[in-house]
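Enquirer: please find the sequence and the predicted model below.
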Amino acid sequence: MQTFNRKFLRLALSSLFSGVVGLTSLTGFAATDLNVCAGENEMPFSNSRLEGFENRIAELVGNALNRKVNYVFWKDARLIVRDNLDKNKCDLIIAVDSTDPRVLKTQPYYKSSYVFITREDRGIDISSWNDELLKERNFRIGVLPDSPGKVMLLQINRFDDMFDYFSEKQRYQSTRNKYVRVDPLEVMNDVGSGYIHAAMLWAPEVSRYIKQSPVPLKVEIVKDDAKKANGQPVPMHYEVAMGVRKDDVELQAELDRVIAEKRDEIEAILKNEGIPLLPISTQHSRK
């Protein structure tokens with residue numbers, strides 16, 4: 001997640017995303033419907049076949065509100081708020097960074113972390129960006145574009161060492177002013193095949209695939225102690241909320257009620273996905 005607005009939950013981060021849509025005049029949906037803007041090809045979060053865990057959460061919310069769920073699918077995560085939410089083409093984003101200033105947030109409904117992924121049989125022991133092994137030039141680690149991992153590789157002077165790998169994963173496309181999706185499953189599989197030693201990925205985007213991996217993988221929650229050279233923290237743990245338009249206080253309140261009433265069911269979806277859940281802070285701003 002570049003921040004978790006990150007492309008989210010990707011980015012991410014999220015982060016990371018599902019959002020909703022529209023006015024009847026723009027979409028043809030009924031005014032009482034719950035219109036969710038979701039990634040067309042953003043597994044395991046969402047896809048057009050509704051196979052993602054955020055699709056399941058959206059359906060749970062719709063049922064709790066007794067509202068039909070419609071989807072409008074996006075291809076570029078960067079434009080969800082500007083081109084969909086703020087233009088009344090969507091009403092809700094299922095997963096946003098709980099500090100995202102562009103939207104009105106619900107209470108966070110889960111907190112998770114980035115994870116280091118290695119093969120069990122390689123005996124690699126890393127849990128923090130302060131571990132010396134990460135600074136060795138022959139240690140190959142995969143991260144996603146515009147993520148905290150990229151930030152930290154730059155901080156420890158390892159980004160250039162991995163530049164060819166990142167270019168390969170991005171199909172040699174520049175990410176400058178452009179959304180280039182790199183499949184987290186592909187990066188995880190590179191760990192399994194031995195092509196790279198480790199990967200650092202947002203746990204929700206890869207937990208499903210770790211469970212399904214034919215190669216036993218070791219997963220370590222990344223300690224939240226990463227810092228830039230100037231001392232600025234680089235967060236590795238994020239709280240996830242739902243986001244609505246800045247003026248939609250009514251929907252925010254309805255969603256807060258659903259989150260409180262359906263917390264066990266939401267957590268069951270997340271745990272079934274294999275996502276590590278951390279304690280949610282009691283202090284947060286939702287403006």
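Expert: Yep, it's here.
Enquirer: any idea whether residue 117 is helix, strand or coil?
Expert: strand (DSSP: H, G, I helix; E, B strand; the rest coil).
Enquirer: what bridges to it?
Expert: Beta bridges link residue 117 to residue 199, residue 219, judged by DSSP bridges.
Enquirer: stretch 244-251: which residues count as buried?
Expert: By 16 or more other C-beta atoms under 10 Å, the buried positions in stretch 244-251 come out as 244, 245, 248, 251. From N, CA and C alone the C-beta is placed, and that goes for glycine too.
Enquirer: kindly report the same for stretch 47-67.
Expert: Under the neighbour-count criterion of 16+ other C-beta under 10 Å, stretch 47-67 has 47, 52-58, 60-62, 64-65 buried.
Enquirer: between those, which sits nearest residue 104?
Expert: The nearest member of those to residue 104, counting by C-beta to C-beta, is residue 61 at 15.9 Å.
Enquirer: wait, the closest one touches residue 254, no?
Expert: No - assessed by C-beta atoms under 8 Å, residue 61 is found out of contact with residue 254, at 9.1 Å.
Enquirer: in the stretch 51-200 of the chain, which spans are strands?
Expert: Per DSSP state E, counting those that start in this stretch, the stretch 51-200 of the chain carries strands over the ranges 69-74, 89-97, 104-105, 110-119, 141-142, 198-202.
Enquirer: before we move on, back to that, state the pair within the buried residues of stretch 244-251 that is farthest apart.
Expert: 245 and 251 (8.0 Å).
Enquirer: quickly list what's touching both of those two.
Expert: residue 91 (C-beta atoms under 8 Å, 6 or more residues apart in numbering).
Enquirer: okay, now the unreliable bits of the stretch 151-287 of the chain?
Expert: 283-287 (pLDDT under 70).
Enquirer: so which of the buried residues of stretch 244-251 are in strands?
Expert: residue 244 (DSSP state E).
Enquirer: show me what contacts the residue nearest to residue 187 when sequence neighbours are not counted?
Expert: Take residue 187 and drop its neighbours on the chain: the residue closest to it by C-beta to C-beta, 6 or more residues apart in numbering is residue 142, 4.3 Å away. Residue 142 sits next to 162, 165, 169, 187, 190, 191, 196, 198, 199, 200 when contact means C-beta under 8 Å, 6+ apart.
Enquirer: between the residues you listed, which has the most around it?
Expert: Of all those, the highest neighbour tally under other C-beta atoms under 10 Å goes to residue 191, namely 28 neighbours.
Enquirer: right, and it touches residue 118 too?
Expert: Yes - the criterion here is C-beta under 8 Å, and residue 191 meets it with residue 118 at 6.4 Å.
Enquirer: need the residues touching each of these two.
Expert: By C-beta under 8 Å, 6+ apart, the residues touching both residue 191 and residue 118 are 197, 198, 217.
Enquirer: mind listing what residue 50 touches?
Expert: Contacts of residue 50 (C-beta under 8 Å, 6+ apart): 59, 71.
Enquirer: hang on, it in a strand?
Expert: No - inclusion of residue 50 in a strand is not indicated when three-state DSSP is applied; the result is coil.
Enquirer: per-residue confidence at it?
Expert: Looking at residue 50, its pLDDT stands at 97.
Enquirer: would you confirm that residue 201 contacts residue 113?
Expert: No - contact criterion C-beta under 8 Å: residue 201 and residue 113 do not qualify, at 10.4 Å.
Enquirer: neighbour count: these two, which is higher?
Expert: Applying other C-beta under 10 Å to residue 201 and residue 113 shows that residue 201 carries more neighbours, namely 27 against 20.
Enquirer: what's the separation between the residue nearest to the more buried one when sequence neighbours are not counted and residue 190?
Expert: Residue nearest to residue 201 in three dimensions, not counting chain neighbours: residue 184, with 5.2 Å by C-beta to C-beta, 6+ apart. Separation of residue 184 from residue 190 (C-beta to C-beta, to the nearest Å) stands at 11 Å.
Enquirer: same check, this time on residue 282
Expert: Plainly put, residue 282 is 39 Å away from residue 190 if you go by C-beta to C-beta.
Enquirer: try residue 255
Expert: Taking C-beta to C-beta, one finds residue 255 at 38 Å from residue 190.
Enquirer: distance of residue 185 relative to residue 269?
Expert: Applying C-beta to C-beta to residue 185 and residue 269 gives a distance of 20 Å.
Enquirer: repeat that for residue 124.
Expert: 31 Å.
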